[in-house]
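In: below is the sequence, then the predicted model.
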Amino acid sequence: MLYFNSFHENEVNRCFEYNLRASGKGINVTRGLSYFGHDTLCLTQLGGCRIEEYLDLCHQENINIKYVDSKAQIRTCTTIINRGGHTSTELIEENSVVSPCVGEEVLALFRKEILGRDAVVISGTKAPGFEDSIFPQMVRQAKELGKLVVLDIKGEDLKNCLQFHPDIIKPNLSEFISTFVPESTVFENEDTEQFFDKIEAITGKIYRDFQVRTVLTRGKFDTWVYDGLHLVVIPNKDTPVLNTIGCGDALTAAMTHSLLNGKNLVEAVKCGMEYALQWASGNM
């Protein structure tokens, strides 16, 4: 993460602060759940010459991680924080293709590590090379063992998991639209009130067909939650923030923590939104 007082394209920009952290959606959720005191494990794949560096960064934060060596280089993603412009920009390096049979190794490790866990959170986009069946198999196995299952994924991966009845799906609205209303396109921070009735109909059908409830974040706008009866609007606080990147992962962590502690879904999402606000304000 690079911090600037101002940032100008096509010019030399010198940051006044630099922060290197282990990241990724799975790591972010693990970091959040660990903050709430859970015995949490991030199961992932790593590869290339930077594995030890990545593990060291995790250990510095007491993040518990186990991995399969995928032979695919760990990617570097850069966040540019422009304090003067009050913007945060994320530059994403695409995933490398994992080696054959990595999916089988990940599933074997998953079957071992799921025992004794209360919940499974699957978050992010799988790297190219993984079989399309890997996420559905994880959901099926987790639900057969009676685990709470939360999915922050999108596209065919999300749709293929619904038949195994995860408890909560939590894409942002842009991802949800691209998955279930592909003829439309919205951006993550776009005001999308005009989609409310359509989204209520789709999330209601998902619940009736699969008994799956839906949480949809909408950037700085209100969060929409289908609780099994209605699409509930949870207002977002209009508060200045430092960095919105990772807020969805923070919400996922705090929401999962709250569900495990007996809160209903709307209450859990409210707790998640409060934690995400602390994250965005730089207080976490």
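Out: Cool, got the structure. No experiment lies behind these values; they were computed from the predicted model shown. Numbering: from 1, shown residues only.

In: right, and residue 139 touches residue 149 too?
Out: Yes. If you go by C-beta atoms under 8 Å, residue 139 and residue 149 touch, sitting 5.7 Å apart. All C-beta spots, glycine's among them, are computed from the backbone N, C-alpha and C.

In: okay, and the common contacts of the two?
Out: Common neighbours of residue 139 and residue 149, using C-beta atoms under 8 Å, 6 or more residues apart in numbering, are 120, 122, 166.

In: the second one: what's its closest spatial neighbour, skipping adjacent residues?
Out: In this structure, residue 122 finds its nearest non-sequential neighbour in residue 151, 5.2 Å apart by C-beta to C-beta, 6 or more residues apart in numbering.

In: by contact count, what packs against the host helix or strand of the one you found?
Out: For residue 151, the host element (DSSP states H and E) is strand 148-152. Applying 3 or more C-beta pairs under 8 Å, 6 or more residues apart in numbering; DSSP states H and E, one finds that strand 148-152 contacts strand 119-123, helix 134-144, strand 168-169, helix 247-260.

In: parallel or antiparallel, list what pairs with that strand.
Out: Paired neighbours of strand 148-152 in the sheet (DSSP bridges): strand 119-123 (parallel), strand 168-169 (parallel).

In: which one of the shared contacts of residue 139 and residue 149 is nearest to residue 247?
Out: Closest approach between the shared contacts of residue 139 and residue 149 and residue 247, by C-beta to C-beta: residue 122, at 18.5 Å.

In: which parts of the stretch 1-150 of the chain are helices?
Out: Counting by DSSP state H, counting those that start in this stretch, the stretch 1-150 of the chain has helices at residues 25-35, 51-60, 102-113, 134-144.

In: residue 255: which of those helices is closest?
Out: Nearest to residue 255 among the helices of the stretch 1-150 of the chain is helix 25-35 (9.6 Å), distances taken as C-beta to C-beta.

In: in the helix or strand bottoming out on mean pLDDT in the chain, which residues are buried?
Out: Confidence across the helices and strands of the chain bottoms out at strand 87-91, with a mean of 86, counting by mean pLDDT, DSSP states H and E. When burial is assessed from 16 or more other C-beta atoms under 10 Å, strand 87-91 yields the following buried residues: residue 88.

In: over to stretch 12-26?
Out: Neighbour-count burial for stretch 12-26 flags 22, 23, 24, 25, 26 (criterion: 16+ other C-beta under 10 Å).

In: can you redo the residues you listed as CSV with pLDDT and distance to residue 111?
Out: Listed next are the buried residues of stretch 12-26 as CSV, based on pLDDT from 0 to 100; distance: C-beta to C-beta, whole Å:
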residue, pLDDT, distance to residue 111
22, 93, 25
23, 89, 27
24, 89, 22
25, 92, 22
26, 94, 18
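
In: redo these as a markdown table? Include distance to residue 66.
Out: Below are the buried residues of stretch 12-26 laid out as a markdown table (distance: C-beta to C-beta, whole Å):
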| residue | distance to residue 66 |
| --- | --- |
| 22 | 14 |
| 23 | 17 |
| 24 | 14 |
| 25 | 17 |
| 26 | 11 |
